[in-house]
Structures are given as structure tokens and as C-alpha cells.
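A.B. asks: predicted structure and sequence below. I'll ask about it afterward.
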Amino acid sequence: MYWFTADEHYGHEKIIKYCSRPFKNVEEMDAVLIDNFNKVVGKNDITIHAGDFCWCNNHKDANRLYISKLNGSHIFLVGSHDHWLPSSAKYIWKKRIDKQLVIICHYAMKRWEASHYNSWQLFGHSHGRLQPEGKQWDIGVDGNAFYPYSWDDIKRIMNRRPDNPNLVI
């Protein structure tokens, strides 16, 4: 099973104020995010984190404080605050899932690979403040009660979304 999320901002105290998150402090936020994640993501699942995972300076700290506490395996994309990731980390992830091409990036795109054939684009960065266009969706935790989205969630959402503006028939 695939899961999708972005903008967790583990360890980032100021994000609570910036995004009006309902937490008293960063410790409470981190605990709720980890608990919510592990309630739905299984040990054999794969999660794509579309940027701004944590407020750490190195992979060792990110792993010790957060990654090791989360179920499943993880693919991390570079966001605005991912200084802990190696310079070889990717900015874009793409895959066909159930024959559907999915493009994931921390940032929303106007057009993306095969958008003219109704491919889907999942993004973060905007914390639920950017209206998606066509087959596009903000997968940040702020828009999903601080939970990741499942592949089934994404399929349901995209089935209700309009076609991409540049669709060719």
C-alpha cells in the first residue's frame, strides 16, 4: 500500500503558529503526527513524503528522532527545509500505480509530465492554502487532520476532480 504526505515539519516549533496548528508545543505535535501515522500506515507500506519532513540538520538525527518511530518504508523528497537530506535526494518522484501516472513534488506545478493526458500531481508546501488545478492535490498534513493520505484516498479525490486544463482528447 502506498501512502502520501507532506509538510509534517517534525521538530519545527514555529510551524504551530504559522499554520495555526492545534498543538500546545512541538512535543505534542510530533507525538500526534507519529501516532496518527502509525494508526494507518502498516509495517510493509511505503510512504512518499513530499518535503518539509523535519527540522533537523542531519540524517542521523532525523532517523533517531522521527523516521525510526514510523511504520513502513519511506521515500523522502526535498522540500524547503530538508537540509538533513543528502545532496543526491530527489525533488520529483513519479510512478505508475494501478496504471495511473502519479507525479509528486514538494511544489505545485502548472504543468507536469503527461498532464495533458490527465496524469496526477501531488504536492505540499502550501499547507492547504493553494487551490489545486485539475488532477492535482495538496497532500500536506494540514489538509488531512494530520494524517497521511492512502492510495485509496487519492483515487477517490481524483475521481471527483476535473480534468487537467491542458488535457488533449
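C.D. replies: Yep, that arrived. Numbers count the residues shown, from 1 in each chain.

A.B. asks: give me the buried positions along the lengthiest helix in the chain.
C.D. replies: Ranked by residue count, the top helix of the chain under DSSP state H comes out as helix 26-40. Under the neighbour-count criterion of 16 or more other Cβ atoms under 10 Å, helix 26-40 has Val26, Met29, Asp30, Val32, Leu33, Ile34, Asn36, Phe37 buried. Any C-beta I mention is one placed from the backbone N, CA and C, and that applies to glycine too.

A.B. asks: need the per-residue pLDDT for the second one.
C.D. replies: Okay, so that is Met29. According to the prediction, Met29 has pLDDT 98.

A.B. asks: which residues does it contact?
C.D. replies: Taking Cβ atoms under 8 Å, 6 or more residues apart in numbering as the criterion, Met29 is in contact with His9, Tyr10, Ile15, Ile16, Arg21, Phe23.

A.B. asks: over to the residue nearest to the fourth one when sequence neighbours are not counted: give its phi and psi.
C.D. replies: Among residues not flanking Ile16 along the chain, Phe23 sits closest, at 5.3 Å (Cβ to Cβ, 6 or more residues apart in numbering). Phe23 adopts backbone torsions of phi -120, psi 150, taken as degrees, to the nearest 10.

A.B. asks: also Ile46?
C.D. replies: With angles defined as degrees, to the nearest 10, Ile46 sits at phi -120, psi 130.

A.B. asks: how many residues are close by it?
C.D. replies: Using other Cβ atoms under 10 Å, Ile46 has 16 other residues around it.

A.B. asks: for Ile97, see how far away it is.
C.D. replies: Relative to Ile97, Ile46 is positioned 10 Å away (Cβ to Cβ, to the nearest Å).
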